[in-house]
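1. Compute the structure for the input listed below.
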Amino acid sequence: MADNIKLPATYNEDAMTLLVQGPDTVYVYWDLSEHHWAIISRHGRAMLKLYRFGGPDADTAQMSLSQEVAPPPFGSNWYFYKVQPDEGYFCEIGYLQEDGEFLPVLRSNYVHTPALPVTEFTPARKHNSKTRPNVFQVEFSTKKAVINKKSFELPLQDVLLKMPFYKGISV
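-> Just a heads-up that it's a prediction; the model follows:
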């Protein structure tokens, strides 16, 4: 019985959702009612505009156009690549009037892209008697490698603080 059920191509409702895919990519999908598709069709082509905003409050923040694109006719989703990490975004779908003015029909939710993780890189140095080797610097002799088991034991707090995706978790 469940094999015969098919999802409709559209729900004929006005909905637009913006999702974060990563620090530099956002994805938007939408469903427009027949009424709004008729308005857009009457005035030309649909246009998607992605806006970047800054500040603590999205409604009063400074916004600027980040990207704009004319999606395929009656399209329902789009990926925006090369957006800025650690920024706020929202998207609008609408149409351009003959004078070039953009009139939005629907606006998405607001999202914030994550910041790029900060990684620390220290070039390997030669071990001398005055410096202690870190976990990954192993002193080799002609006989065999010497690895100190104690050097692998780190307190949980030190581990969490060094992992960017755990920052903010109180330990």
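2. Would you mark the buried spots in the longest helix along the chain?
-> The longest helix of the chain (DSSP state H) is helix 34-43. Residues His36, Trp37, Ile40 are the ones in helix 34-43 that count as buried (16 or more other C-beta atoms under 10 Å). Bear in mind the C-beta positions are built from the backbone N, C-alpha and C, glycine included.
3. OK, contacts around the second one?
-> The neighbours of Trp37, taking C-beta atoms under 8 Å, 6 or more residues apart in numbering as the test, are Phe74.
4. What segments of this protein are helices?
-> 34-43, 156-162.
5. looking at those, which has the lowest confidence?
-> Between the helices of the chain, the one with the least mean pLDDT is helix 156-162; it has a mean of 65.
6. number of nearby residues for Trp30?
-> 22 (other C-beta atoms under 10 Å).
7. right, I mislabeled it, should have said Gly54
-> Gly54, neighbours per other C-beta under 10 Å, totals 12.
8. doesn't Gln84 make contact with it?
-> No. Taking C-beta atoms under 8 Å as the definition, Gly54 is not a contact partner of Gln84, at 10.0 Å.
9. Output the below-cut-off pLDDT ranges for this structure.
-> Applying pLDDT under 70 to the chain flags residues 1-2, 55-61, 119-171.
10. So it: which segments form each domain?
-> 2-112, 118-171 (automatic domain parsing).
11. Would you map the strands across the chain?
-> Using DSSP state E, the strands of the chain run over residues 15-22, 25-31, 46-54, 62-69, 77-81, 88-96, 102-107, 111-112.
12. and Val118, which of those strands is closest to it?
-> strand 15-22 (16.1 Å; C-beta to C-beta).
13. Give me the sheet partners of that closest one and which way each runs.
-> strand 25-31 (antiparallel) (DSSP bridges).
14. Just give the closest residue to Tyr79, not the sequence neighbours.
-> Tyr27 (5.2 Å; C-beta to C-beta, 6 or more residues apart in numbering).
15. shouldn't the one you found be in contact with Ser76?
-> No. Using C-beta under 8 Å, Tyr27 is not in contact with Ser76, being 11.6 Å away.
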